[in-house]
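Undergrad: this one's structure only:
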């Protein structure tokens, strides 16, 4: 897991804040990932890293979301890090597991966001996730497959997201889209 800790530390250091919220988030992440031994595994404590994928169609008008069973909300596919080669590889693995979409590595420069969010008691001993959300564009009409982990999976218009999304989710989607369009 040291490689994932190093990767996380590099992503945090390379994150370019565009707002006061971004600066605070990067500083918060930096507290957790001061070296290659940061909390990347579920067993590393109640607050640990996760990886997710913000998946858009080529027109950037549709986003693939899963209905999270524990959280009871619509969100980008993602989850805990495992024996992954990198944070991006973890996001791609989670994407395929939760939606059936097998995507290749995103083009450079990598577009991503950082989000440290608290979790409800439904998540057991996990108190918060330090999530790296990677932006991906997949072919139009990519078919989605429902997994055992999700209650539903579907494409949503980015300008008409479902009402039951986590707090701040719409802002994260807008920020990712701004970065993709830059």
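TA: Yes, it's here. Because the structure is a prediction, the values reported are computed rather than measured.
Undergrad: what kind of secondary structure is the closest residue to residue 13 other than its chain neighbours in?
TA: Distances taken as C-beta to C-beta, 6 or more residues apart in numbering place residue 30 nearest to residue 13, at 7.6 Å, with adjacent residues excluded. (C-beta placed from N, C-alpha, C; glycine too.) Going by DSSP: H, G, I helix; E, B strand; the rest coil, the secondary structure assigned to residue 30 is helix.
Undergrad: count of residues packed around residue 30?
TA: Look at residue 30: counted by other C-beta atoms under 10 Å, it has 15 neighbours.
Undergrad: cool, and residue 93?
TA: Residues within reach of residue 93, counting by other C-beta under 10 Å, total 21.
Undergrad: ok, now which ones touch the nearest residue to it once chain neighbours are set aside?
TA: Beyond its immediate neighbours in the sequence, the residue positioned closest to residue 93 (C-beta to C-beta, 6+ apart) is residue 84, lying 6.2 Å away. With C-beta atoms under 8 Å, 6 or more residues apart in numbering as the criterion, the residues that contact residue 84 are 4, 51, 90, 93.
Undergrad: quick one: the residue nearest to residue 13 and residue 10 touch, right?
TA: No - counting by C-beta atoms under 8 Å, residue 30 stays clear of residue 10, with 11.6 Å between them.
Undergrad: Please report phi then psi for residue 135.
TA: Dihedral angles phi and psi of residue 135 (degrees, to the nearest 10) take the values phi -90, psi 130.
Undergrad: can you count the residues close to the nearest residue to it once chain neighbours are set aside?
TA: Taking C-beta to C-beta, 6+ apart, and ignoring the residues beside it in sequence, residue 135 has residue 111 as its nearest neighbour in space, at 4.0 Å. Number of residues near residue 111 (other C-beta under 10 Å) recorded here: 21.
Undergrad: how about the strands in this structure?
TA: Assignment of strands within the chain using DSSP state E yields the ranges 47-56, 62-68, 73-75, 78-80, 112-118, 128-137, 150-157.
Undergrad: Tell me which of those lies nearest to residue 144.
TA: When those are ranked by proximity to residue 144, the top entry is strand 150-157, at 4.7 Å, counting by C-beta to C-beta.
Undergrad: what sits against the spatially closest residue to residue 119 that is not a sequence neighbour?
TA: Using C-beta to C-beta, 6+ apart and skipping residues adjacent in sequence, the residue nearest residue 119 is residue 126, 5.3 Å away. Contact criterion C-beta under 8 Å, 6+ apart gives 42, 46, 48, 119 as the residues in contact with residue 126.
Undergrad: Of those - the most surrounded one?
TA: Neighbour tally across these (other C-beta under 10 Å): the maximum, 20 neighbours, falls on residue 48.
Undergrad: Across the sheet, point out what pairs with that one.
TA: Each beta-bridge partner of residue 48 is listed here, defined by DSSP bridges: residue 129.
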